[in-house]
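Engineer: Any chance you can model this:
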Amino acid sequence: MFALPVYLQPFAEETGWNRAGISGAMTVGFMVMGITGFFWGTKTDRLGAPSVILTASAVPASRQRP
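Structural biologist: As a prediction, this is how the structure comes out:
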């Protein structure tokens, strides 16, 4: 996500999306990361980092489709 300036033009050319749409989607992504950071930070303080990291890494894996 943080390499957007490097990959913006090639990504736009490959997908056919305009740069404003890609930048808007990234803005939403950054806002979600900022909001959920409070949630995960609170959980880390209460439960400890290892359990939170394990949970956070297991959630995306459980949503993958075969």
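Engineer: any idea how far the residue in the chain sticking out farthest from the centre lies from Trp40?
Structural biologist: Most distant residue from the mean C-alpha position of the chain: Arg46, 22.9 Å away (CA atoms, centre = their mean). Distance of Arg46 to Trp40, computed by CB to CB, to the nearest Å: 11 Å. Where C-beta positions appear, they are placed from N, C-alpha and C, glycine not excepted.
Engineer: For the helix or strand of the chain with the lowest mean pLDDT, name the packing helices and strands.
Structural biologist: For the chain, the helix or strand with the lowest mean confidence is helix 49-62, at a mean of 80 (criterion: mean pLDDT, DSSP states H and E). Packing contacts for helix 49-62, counted by 3 or more CB pairs under 8 Å, 6 or more residues apart in numbering; DSSP states H and E, involve helix 19-47.
Engineer: list the helices and strands the helix it packs on packs on?
Structural biologist: Using 3+ CB pairs under 8 Å, 6+ apart, helix 19-47 sits against helix 4-15, helix 49-62.
Engineer: Show me the one of the ones you listed that comes nearest Val28.
Structural biologist: Checking the helices and strands packed on helix 19-47 against Val28 by CB to CB gives helix 4-15 as the closest, at 12.6 Å.
Engineer: got the buried residues for that closest one?
Structural biologist: Ala12 (16 or more other CB atoms under 10 Å).
Engineer: Report the angle between it and helix 19-47.
Structural biologist: 130 degrees (axes from the mean of the first three to the mean of the last three CA atoms, to 10 degrees).
Engineer: which outside residues touch helix 4-15?
Structural biologist: The contact list for helix 4-15 (CB atoms under 8 Å, 6 or more residues apart in numbering) reads 17-19, 22-23, 26.
Engineer: Need the max-distance pair from the residues you listed.
Structural biologist: Asn18 and Met26 (13.0 Å).
Engineer: Pick out whichever of these two has more residues nearby.
Structural biologist: Taking neighbours as other CB atoms under 10 Å, Asn18 and Met26 compare with Met26 leading, 14 against 10.
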